[in-house]
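Colleague: take a look and give me a structure for this.
(2 chains)
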Amino acid sequence: MSEEKKDHKKEDFEPRIVGFLCNWCSYAGADLAGTSRIQYPPNVRIIRVMCSGSVDSMYILRALLEGADGVFVGGCHPGDCHYIDGNYKARRRMVLLENILGTLGLEKERVWLRWISASEGQKFADTMKEMTESIRKLGPSPIAKHWNL
Amino acid sequence: MTQKVIKVKDNDVIGSTNEFFRQLLSSGKIQALLVPQNTPSKKVAFPVLISDPKKLHADIIAPILPASTAAMVSKMTKVQPPAKPIGVVMRSCQIRALIELVKLNQANLINIVIIGVDCPGTFPLNTYAEFPEKKTPTHFLLEAWVKKSDDAEKYFRSVCRMCKDPIPTNADIILGFYGTDFEKEIIVEAHSDVGKEILKDLPLEDEKEGKSREKAVKEIRDEKTKKRALFLKEKEGIKGIDKVAEFFDKCVNCHNCRQACPICYCKECLFDSSVFDAEAYKFLRRAEVKGLFKMPNDALLFQLGRMNHMILSCVECGLCEQACPNNIPLMEVFIPAAENAQKEFDYHPGKDRTEKVPMIVYREDEFLEVGEK
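Modeller: Below is the predicted model of the structure:
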């Protein structure tokens, strides 16, 4: 395949991203992006959770193993957690997950954690654009082609 | 630290340690001992809770770890600890696991006297049961140990060959075999006030050459550290989904590894929960995503999920690997993962009871780059 065709293929590729958004901040931020009619790529499938701290690594791994090209976790800014410290715990969990993915060479770049508040509709849209483009550059997840997992 | 010695009579190492244990039980300072003892068939040595000194025929050198001793102490103490002291004879990896279980509120050390034993390594359960040499595994091992030969090396479980630390820490009393001619003298060290109090009235002799023990301990620790580093370097190759999927290919999702793991204590594991029960159409839908769907499903998800849940407390006892019915050399991925993850959080499982498990604490000013651009 020529280099040109490869690029063409990458541009055709639409990443599928699973997004876990916390009820109190990031989900409201996504809502604000919608009600404010801010355009952002439709590549993210949003799942509302009560807190970023409730997202067990298992759910992120499951999305990746089932063929998601990226997983996004959105939480309240540090200090703003509705449950006081859920996002600090989410941060530690993310550090651990990234470390393990790193050790096993499983492209930790596909997993993102970001803080987005209820008033940051624009930031949510920008982050989605940024992540979609970043995953598009990485290409389809190599995990997706494996069925023997 | 107080150092004393057990005088070994007629080169009978095991007999002399048993004499020591009988004295300990008869002294009344401990009411029972949890100590490995061969079953009548001599095919396996299980920890046995012994209250009658006359029934004590222990074998603390028996190179076998059939199940987690730490999990047994947890079972015995988490509902209610004993009213009077119980001595538990453990290897270093199991003491580390016990300390982790204490931190996780799954075991209680009240009235538990930890008696640590230097561990040269253990054989896989079936090797011990069907030992091919003429001697018993214990005698074969002791002989190799005295001669400083590597005759026993080929029988050791691979995880024992690169043991993290074969010398017990956090024990009240340590029975030392490194740094002494143990066919004549076995070292007994008290590492806590409880340990000192127990040893005080026992008919033991004072140790004169404390230096040789110190030197030998340092030597064996250095040797194991080197072997472990070499192993870690070799196993860097299991990277990328192709290799990882191939590595776990034989996993049948039986969850035996979790059953054997001292750290996996959850009453109901997420992977046994109804999260994984679903209507047929959902299975079909999953098949449609990739065109086909392997069953039993979610084997790799279980392995990686379990790793995420327990790796920070992994004490590298290798019981998961021993429990695997399909001989997946689990430690080849678990040791590198444990090494990296524990380094990330600067956490040392089993080292210090006051050190908090990383996933229950946090600092506001840490990992600031995570979550921001």
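Colleague: residue 47: what's it in contact with?
Modeller: Unless you meant another one, I'm taking chain A. For A:Ile47, the contact set (Cβ atoms under 8 Å, 6 or more residues apart in numbering or on different chains) comprises A:18-21. No exception for glycine: its C-beta is placed from N, CA and C like everyone else's.
Colleague: meant chain B actually
Modeller: B:Pro47 touches B:34-37, B:69, B:72, B:88-89, counting by Cβ under 8 Å, 6+ apart.
Colleague: from those residues, which land in helices?
Modeller: In helices, defined here by DSSP state H, the members of these are B:69, B:72.
Colleague: closest one of the contacts of B:Pro47 to chain A?
Modeller: Among these, B:Thr69 lies closest to chain A (Cβ to the nearest Cβ), at 27.4 Å.
Colleague: so what's the residue count around that closest one?
Modeller: 25 (other Cβ atoms under 10 Å in any protein chain shown).
Colleague: kindly report the same for A:Arg114.
Modeller: 24.
Colleague: rewinding a little: dump the contacts of A:Ile47 into TSV; add secondary structure and neighbour count as well.
Modeller: Output for those, formatted as TSV (DSSP: H, G, I helix; E, B strand; the rest coil; neighbours: other Cβ atoms under 10 Å in any protein chain shown):
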residue	secondary structure	neighbour count
A:Val18	strand	20
A:Gly19	strand	27
A:Phe20	strand	24
A:Leu21	strand	25
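Colleague: shaky segments in chain A?
Modeller: A:1-11 (pLDDT under 70).
Colleague: if we go to 90?
Modeller: Regions of chain A meeting the criterion pLDDT under 90 cover residues A:1-12, A:144-145, A:148-149.
Colleague: where do the strands sit along the chain?
Modeller: No chain was given, so I picked chain A. A:17-22, A:44-49, A:70-75, A:111-115 (DSSP state E).
Colleague: actually chain B
Modeller: B:2-7, B:32-38, B:45-50, B:86-90, B:112-117, B:173-176, B:185-190, B:205-206.
Colleague: centre of the chain to the shortest one, how far?
Modeller: I take that to be strand B:205-206. 30 Å (Cα atoms, centre = their mean, to the nearest Å).
Colleague: which strands or helices does that strand pack on?
Modeller: strand B:2-7 (3 or more Cβ pairs under 8 Å, 6 or more residues apart in numbering or on different chains; DSSP states H and E).
Colleague: now do the strand it packs on against strand B:185-190: the angle between them, please.
Modeller: Strand B:2-7 and strand B:185-190 meet at an angle of 150 degrees, taking axes from the mean of the first three to the mean of the last three Cα atoms, to 10 degrees as the criterion.
Colleague: pull out the buried residues from strand B:2-7.
Modeller: B:3-6 (16 or more other Cβ atoms under 10 Å in any protein chain shown).
Colleague: what helices or strands is it leaning on?
Modeller: helix B:13-26, strand B:185-190, helix B:193-200, strand B:205-206.
Colleague: coming back round to it: most packed of the strands of chain A?
Modeller: Of those, the one with the most neighbours on average (mean count of other Cβ atoms under 10 Å in any protein chain shown) is strand A:70-75, at a mean of 28.
Colleague: so how far is B:Pro166 from B:Gly121?
Modeller: 7 Å (Cβ to Cβ, to the nearest Å).
Colleague: check A:Ile46 too.
Modeller: Distance from A:Ile46 to B:Pro166, by Cβ to Cβ: 51 Å.
Colleague: quickly list what the residue positioned nearest the centre of chain A is bridged to.
Modeller: Per Cα atoms, centre = their mean, the C-alpha nearest to the average position across chain A is that of A:Phe72, at 1.3 Å. Legend: beta-bridge partners of A:Phe72 under DSSP bridges are A:Gly19, A:Trp112.
Colleague: can you spell out which helices and strands pack onto the lengthiest helix in chain B?
Modeller: In terms of residue count, the longest helix belonging to chain B (DSSP H) is helix B:210-234. Packed against helix B:210-234 by the contact rule (3+ Cβ pairs under 8 Å, 6+ apart) you find helix B:331-344.
Colleague: how far off centre is stretch B:198-217?
Modeller: With Cα atoms, centre = their mean, you get 25 Å for stretch B:198-217.
Colleague: circling back: tabulate the helices and strands packed on strand B:2-7 (JSON lines), appending mean neighbour count.
Modeller: Below are the helices and strands packed on strand B:2-7 laid out as JSON lines (neighbours: other Cβ atoms under 10 Å in any protein chain shown):
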{"stretch": "helix B:13-26", "mean neighbour count": "19"}
{"stretch": "strand B:185-190", "mean neighbour count": "22"}
{"stretch": "helix B:193-200", "mean neighbour count": "17"}
{"stretch": "strand B:205-206", "mean neighbour count": "10"}
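Colleague: point out where the stretch 151-300 of chain B drops to low pLDDT.
Modeller: Those would be B:201, B:203, B:205-212, B:234-237, B:273-277, B:286, B:289-291, if you go by pLDDT under 90 across the stretch 151-300 of chain B.
Colleague: got the residues of it near chain A?
Modeller: Residues of the stretch 151-300 of chain B found near chain A (Cβ under 8 Å from any Cβ of the partner chain) are B:238-245, B:249, B:270, B:286, B:289-294, B:298-300.
Colleague: picking that back up, now render the helices and strands packed on strand B:2-7 as a markdown table, adding distance to A:Ser52.
Modeller: As requested, these are exported to a markdown table (distance: least, Cβ to Cβ, whole Å):
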| stretch | distance to A:Ser52 |
| --- | --- |
| helix B:13-26 | 53 |
| strand B:185-190 | 48 |
| helix B:193-200 | 44 |
| strand B:205-206 | 59 |
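Colleague: so which of the ones you listed comes closest to A:Gly34?
Modeller: helix B:193-200 (64.1 Å; Cβ to Cβ).
Colleague: what angle separates that closest one from strand B:2-7?
Modeller: 40 degrees.
Colleague: can you pull the contacts of B:Arg213?
Modeller: Contacts of B:Arg213 by Cβ under 8 Å, 6+ apart are B:3, B:176, B:178-180, B:187, B:207.
Colleague: for chain A, state which of those residues is nearest.
Modeller: The nearest one, if we look at the contacts of B:Arg213 relative to chain A and count by Cβ to the nearest Cβ, is B:Tyr178, at 32.1 Å.
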